[in-house]
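>>> Got a predicted model here, sequence first, then my questions.
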Amino acid sequence: MARRRQAQEEFEGFVRAQADRLVRVGYLMTGDLSEAEDFVQEALTRVARRWGRVATMASPAGYARRVLVNIVIDSADGRSRRGQELAGTTSQELGQRADPRSDEGFAAVDGQLNLLQALVRLPARQRAVLVLRYWEDLSEADTAELLGISAGTVKSMASRGLVRLRQVLAGTASTKEVI
């Protein structure tokens, strides 16, 4: 009984330490906070079921992130259809804001929103490579291991993903090219 309680406390500590980071990864990959939270909860449930084995791994956080990324990629088809329906929505122009002092703050938020909307328009695996390489700051080798692909594939997907991301942000990519 004491061992079970200790394992539970270890897992709860792990969740406290990793949940925010996992939600960030999920959010960057989905563009939807509530969906990201649902995916993180599902990933943590899977980790909890195997906690005895996961706790002894070299990187339990890496394992949880891998579970999360796989869940998001596996569910990408349904999300991409919903994303297409929302792609035409735009935010209010900055010049129409009532308080000119807030323009700088709104510009930063709009820039982040534009980047997130562009990122969500990329294919799921390409999006995963970009999020893991540039937001999670994983090496090519670590990203490759996490996704179960070669380092060369990570390099090419990152390169193509950055080109597509720039095209989407510049408004030069067609929907067919990106999705």
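Arrived safely.
>>> Can you report the mean pLDDT over the residues of stretch 153-163?
Stretch 153-163 carries an average pLDDT of 95.
>>> what separates it from the chain centre, distance-wise?
Distance of stretch 153-163 from the chain centroid (CA atoms, centre = their mean, to the nearest Å) equals 16 Å.
>>> What residues sit buried inside that stretch?
Neighbour-count burial for stretch 153-163 flags Thr153, Val154, Met157, Ala158, Gly161, Leu162 (criterion: 16 or more other CB atoms under 10 Å). Placement of C-beta: from N, CA and C, glycine included.
>>> And stretch 132-147, by the same measure?
Leu132, Arg133, Glu136, Leu138, Glu140, Asp142, Thr143, Ala144, Glu145, Leu146, Leu147.
>>> can you redo the buried residues of stretch 153-163 as a markdown table with distance to Met57 and secondary structure?
Output for these, formatted as a markdown table (distance: CB to CB, whole Å; DSSP: H, G, I helix; E, B strand; the rest coil):
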| residue | distance to Met57 | secondary structure |
| --- | --- | --- |
| Thr153 | 24 | helix |
| Val154 | 22 | helix |
| Met157 | 26 | helix |
| Ala158 | 26 | helix |
| Gly161 | 28 | helix |
| Leu162 | 31 | helix |
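>>> The residue nearest the centre of the chain sits in which helix or strand?
Closest residue to the average C-alpha location of the chain: Met29 at 2.8 Å, with CA atoms, centre = their mean. Element membership for Met29 (DSSP states H and E) is helix 2-30.
>>> Following that helix in sequence, what is the next regular element?
Helix 2-30 is succeeded, C-terminally, by helix 33-49 (DSSP H and E).
>>> Show me what the helix or strand following that next one is packed against.
Downstream of helix 33-49, the first helix or strand assigned by DSSP H and E is helix 51-54. Helix 51-54 is packed against helix 2-30, helix 60-74, with contacts defined by 3 or more CB pairs under 8 Å, 6 or more residues apart in numbering; DSSP states H and E.
>>> Columns distance to Asn70 on top of the buried residues of stretch 153-163, output as TSV?
Formatted as TSV, these follow (distance: CB to CB, whole Å):
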residue	distance to Asn70
Thr153	16
Val154	16
Met157	16
Ala158	19
Gly161	18
Leu162	23
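>>> Can you check the pLDDT for Leu113?
Looking at Leu113, its pLDDT stands at 74.
>>> and it, how far is that from Gln18?
26 Å (CB to CB, to the nearest Å).
>>> Domains in the chain, by residue range?
1-74, 77-179 (automatic domain parsing).
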